[in-house]
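In: output the structure for:
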Amino acid sequence: MEGNELIAFQIISAVGTARSCYIEAIQAAKKGDYEGAMKLIAEGEKDFIEGHDAHAKLLEQEANGKGEPIGLLILHAEDQLMSAEAFKTIAQEFIELYQRLDKEAGK
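Out: Residues are numbered from 1 along each chain as shown. As a prediction, the model looks like this:
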């Protein structure tokens, strides 16, 4: 495996791990473990950046005229990248909401 295919799998793997961390962060916040939730967000961010950097490599190759034809696998990788980014935003919102609810409940 090489070229775009390898980069696509790097993106998919990294952002898939990030998305899992973001989902786990929501579950931690739901249990009142806000410190754990924030650690999971930070962990997910590291993986997300890894995937984003691999994607940036593709963009750089394209800008330099060295890009390969874009196939369905790259489109899937980009979809996963955007999905992970959206999950991070949603996770952060849920954490904030759970904190507010706990504060209002006097916890």
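In: is it true that residue 88 touches residue 41?
Out: Yes - using CB atoms under 8 Å, residue 88 makes contact with residue 41 at a distance of 7.0 Å. For the C-beta atoms, the positions are set from N, CA and C on the backbone; glycine is no exception.
In: so what's the residue nearest the centre of the chain up against?
Out: Most central in the chain under CA atoms, centre = their mean is residue 84, positioned 3.4 Å from the mean C-alpha point. Residue 84 makes contact with 15, 16, 18, 19, 22, 44, 48, 51, according to CB atoms under 8 Å, 6 or more residues apart in numbering.
In: just the buried residues out of those, in ChimeraX syntax.
Out: Buried members of those, defined by 16 or more other CB atoms under 10 Å, are picked up in ChimeraX with:
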select :15,16,18,19,22,44,48,51
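In: so which of the contacts of residue 84 sit within strands?
Out: Secondary structure from DSSP state E places none of the contacts of residue 84 in strands.
In: of the contacts of residue 84, which pair is most distant in space?
Out: Within the contacts of residue 84, 22 and 51 form the most distant pair, 12.8 Å apart (CB to CB).
In: wait, residue 76 touches residue 15, no?
Out: No - the criterion here is CB under 8 Å, and residue 76 misses it with residue 15 at 10.9 Å.
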